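>>> this one's sequence-less:
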């Protein structure tokens, strides 16, 4: 999946399980007026490229890395048989 972010803004982006893509980035200039510039954001995309109802923001790189790991577990849990969240 091609990223719209510059390499310096990407913390980590990866496919998780069979159908999900987890992305954690540092919010840049597009967020200047929302007072979120410099924050980090983690989100999950489904197999059709749609964004799931999952978003976490934080201020530090360590928190961003932790949020990325949590998002991976969340995505894997969705894919478990019988979960019914897909």
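Happy to help now that I have it. No experiment lies behind these values; they were computed from the predicted model shown. Numbers count the residues shown, from 1 in each chain.
>>> excluding chain neighbours, what is closest to residue 22?
Spatial nearest neighbour of residue 22, chain neighbours left out: residue 71 (4.7 Å); criterion: Cβ to Cβ, 6 or more residues apart in numbering. Where C-beta positions appear, they are placed from N, C-alpha and C, glycine not excepted.
>>> confirm that the one you found sits in a strand.
No - residue state for residue 71 (DSSP: H, G, I helix; E, B strand; the rest coil) corresponds to helix; a strand is not indicated.
>>> so who does it touch?
16, 22, 24, 42-44, 54, 56 (Cβ atoms under 8 Å, 6 or more residues apart in numbering).
>>> could you check how far it is from residue 20?
If you measure residue 71 against residue 20 using Cβ to Cβ, to the nearest Å, the figure is 9 Å.
>>> next, the residue nearest to residue 40 when sequence neighbours are not counted: phi, psi?
The spatially closest residue to residue 40, leaving aside those adjacent along the chain, is residue 64, at 3.5 Å (Cβ to Cβ, 6+ apart). When read as degrees, to the nearest 10, the backbone of residue 64 gives phi -60, psi -40.
>>> got the contact list for residue 64?
When contacts are counted by Cβ under 8 Å, 6+ apart, residue 64 is found next to 11, 24, 26, 40, 42, 58.
>>> thought the fourth one was touching residue 55?
No - Residue 40 lies out of contact with residue 55 (Cβ atoms under 8 Å); the separation is 11.3 Å.
>>> which of these two has more neighbours?
Set side by side, residue 40 and residue 55 show more neighbours around residue 40, with 23 against 12, by other Cβ atoms under 10 Å.
>>> report the beta-bridge partners for that one.
Taking DSSP bridges, one obtains residue 26, residue 58 as the residues bridged to residue 40.
>>> check the one 5 residues further on too.
On the basis of DSSP bridges, residue 45 is bridged to residue 21, residue 51.
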